[in-house]
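S.K.: from the sequence below, what's the structure:
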Amino acid sequence: MGLIYKLAQILEESRAEYLQSKAEIYSEVACFGHTQQDKRNLLAYGNNLQWMNYLKDHLGMEGNLQLIYVDPPFYSKADYFMSVKIESEKLEEDFKIKQTVYTDTWNKGIEDYLKMIAVRLFVMRDLLSDEGCVWIHLDWHVAHYVKLLMDEIFGENNFVNEIIWTYKSGGTSNRRFSRKHDTLLFYSKTDRYYFNPQKEKSYNRGFKPYRFKGVTEYEDEQGWYTMVNMKDVWQIDMVGRTSAERTGYATQKPELLLSRILESCTREGDLCADFFGGSGTLAAAASRMNRRWISCDIGLSSIANIQKRLLSNEMDFSFFIQDNECFENPDGEIEVKFQSCTDDMVASLELTLLHYQPSEKWLEALTPKDKTLIEAILKEDSMSLIEFWSVDTQYNGKVHQPQEIIFKTKGCLERKVVIHDTAGVIHIICVDVFGNRVAKTING
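M.R.: Just a heads-up that it's a prediction; the model follows:
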């Protein structure tokens, strides 16, 4: 039986799972910045279905989201990797280790994939406001099947656009035309959705002026053009290898793409969300455009990438994890030296990171070759594995609110920090290049 005949069953099974799905309890473990509680951005590590239900059932966000953009796996039947670079002046050479970012193989088949998507679409519909809309980013593998599911879940009358994002990157073949586009399905929740039409240049034939009465024309270095409502085919370059916004995440999307969506469907102050956070592009673009955002991912490397991307650009957010998630390395350890000092005539404390030891469980999961390499690096310069670290000098025992955040830049990590306020409990968090997190608490 072909898949088209199974879609009704997939939809009903997904609906039943949606009705039975429940929220897991999430806890706030870190707060970066000073945004008031009802205006804060939220980043979560964990299962996105449970996180969405937590937003709905515990944070009262049903009907509050103006925009949901999701970039899920594409059912490509492939694994995606990122190359983690480890460099240090103490090491004779730089090293690269390939790390799995996410798996898109779906051993149970396409039915299982479509159920995963459909269940989450039901919850997304609950979270959207009546003026809100949802965008789902796919490609040729399953866009046609997901559109049928969205017609049923959101209503075929609430279909707004199929946006074609075309780019120059990608593979070629002598057996077919080159596949150089993705598909974004754009649906509203009701017919009262907010939309701000965008304009684009439309060049005249021959790039010459028409001089039509009542038509405003413009000229640039290419020739004469008019401004028209934007079409549903968008030419936007992929994130280049040397781009300043590049994070190294395997399937990173350009901020220009997300900015266009945000400009079209949200206003300043609106709340938007991405439940497959990936490299954090929606969160970064929304922050720059004064939109509030919610994001989530289940990958450690993804969460670490998002945090670094946002923090290095001084973007505020609160960070949540599931209570039942073993987020910190259970047997990882960071060794710290404390030394009293005087800084600007004030009695202070100098903290120095000495040694990092990741979880033994994580080490055992590596390939023998990678484990041998990591063990050698740990022996020579373990701190070369740390990507960034932060210090909270007034830790309340629950939420890490750092006064100091130190990032690795150009392969170098500052390993010392001077603390002036030493009366409280000191809490240190280190995140390594693979996304592993280890914490240390010291009574002041």
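
S.K.: how about low-confidence regions in the stretch 101-250 of the chain?
M.R.: Within the stretch 101-250 of the chain, no stretch has pLDDT under 70.

S.K.: can you give me the strands for it?
M.R.: 128-138, 159-166, 181-188, 199-203, 218-219, 224-229, 233-235 (DSSP state E, counting those that start in this stretch).

S.K.: adding distance to Ile377 and mean neighbour count, write these out as CSV.
M.R.: C-beta: built from backbone N, CA, C; applies to glycine. Converted to CSV, those look like this (distance: least, C-beta to C-beta, whole Å; neighbours: other C-beta atoms under 10 Å):
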stretch, distance to Ile377, mean neighbour count
strand 128-138, 37, 23
strand 159-166, 39, 16
strand 181-188, 38, 22
strand 199-203, 50, 12
strand 218-219, 57, 12
strand 224-229, 55, 14
strand 233-235, 43, 14
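
S.K.: would TSV of the ones you listed with distance to Gly280 be doable?
M.R.: As requested, the strands of the stretch 101-250 of the chain are exported to TSV (distance: least, C-beta to C-beta, whole Å):
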stretch	distance to Gly280
strand 128-138	15
strand 159-166	19
strand 181-188	18
strand 199-203	27
strand 218-219	36
strand 224-229	30
strand 233-235	21
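
S.K.: for Thr172, which of the ones you listed is the nearest?
M.R.: Thr172 lies closest to strand 181-188 among the strands of the stretch 101-250 of the chain, at 13.6 Å (C-beta to C-beta).

S.K.: the helix or strand hosting Ile321 pairs with which strands, parallel or anti?
M.R.: Taking DSSP states H and E as the criterion, Ile321 maps to strand 317-322. Strand pairing for strand 317-322, using DSSP bridges, gives strand 26-32 (antiparallel), strand 42-45 (parallel).

S.K.: just how off-centre is that strand within its chain?
M.R.: Offset of strand 317-322 from its chain centre (C-alpha atoms, centre = their mean, to the nearest Å): 13 Å.

S.K.: helix or strand right after it?
M.R.: With elements assigned by DSSP H and E, the helix or strand that comes after strand 317-322 is strand 333-343.

S.K.: next, the buried residues of that next one.
M.R.: For strand 333-343, a neighbour-count test (16 or more other C-beta atoms under 10 Å) marks Ile334, Val336 as buried.

S.K.: mind giving me the domain split of the protein?
M.R.: Listed by automatic domain parsing, the domain ranges of the chain are 3-194+232-322, 333-442.

S.K.: now, of these, which is deepest in the fold?
M.R.: Among these, domain 3-194+232-322 has the highest mean neighbour count (mean count of other C-beta atoms under 10 Å), at a mean of 18.

S.K.: how far does it sit from its chain's centre?
M.R.: On C-alpha atoms, centre = their mean, the centre of domain 3-194+232-322 falls 7 Å from that of its chain.

S.K.: helices along the stretch 201-350 of the chain, start to end?
M.R.: 255-265, 281-288, 300-312 (DSSP state H, counting those that start in this stretch).

S.K.: got the angle for the second one vs helix 255-265?
M.R.: Computed with axes from the mean of the first three to the mean of the last three C-alpha atoms, to 10 degrees, the direction of helix 281-288 lies at 60 degrees from that of helix 255-265.

S.K.: tell me the mean pLDDT over helix 281-288?
M.R.: The average pLDDT within helix 281-288 is 97.

S.K.: helices and strands around that helix, which ones?
M.R.: When contacts are defined as 3 or more C-beta pairs under 8 Å, 6 or more residues apart in numbering; DSSP states H and E, helix 281-288 packs onto helix 255-265, strand 271-274, strand 292-297, helix 300-312.

S.K.: same list (those) but as JSON lines, adding distance to Ala23.
M.R.: JSON lines is the format used below for these (distance: least, C-beta to C-beta, whole Å):
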{"stretch": "helix 255-265", "distance to Ala23": "26"}
{"stretch": "strand 271-274", "distance to Ala23": "15"}
{"stretch": "strand 292-297", "distance to Ala23": "13"}
{"stretch": "helix 300-312", "distance to Ala23": "19"}
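
S.K.: right, and those - which one's nearest Gln50?
M.R.: Using C-beta to C-beta, the helices and strands packed on helix 281-288 put strand 292-297 closest to Gln50, at 9.4 Å.

S.K.: which ones are touching Ser21?
M.R.: Applying C-beta atoms under 8 Å, 6 or more residues apart in numbering to Ser21 gives the contacts Leu49, Gln50, Asn53, Val119, Val123.

S.K.: just to revisit the earlier point, dump the strands paired with strand 317-322 into JSON lines; add distance to Glu245 and mean pLDDT as well.
M.R.: JSON lines is the format used below for those (distance: least, C-beta to C-beta, whole Å; pLDDT from 0 to 100):
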{"stretch": "strand 26-32", "distance to Glu245": "20", "mean pLDDT": "94"}
{"stretch": "strand 42-45", "distance to Glu245": "18", "mean pLDDT": "96"}
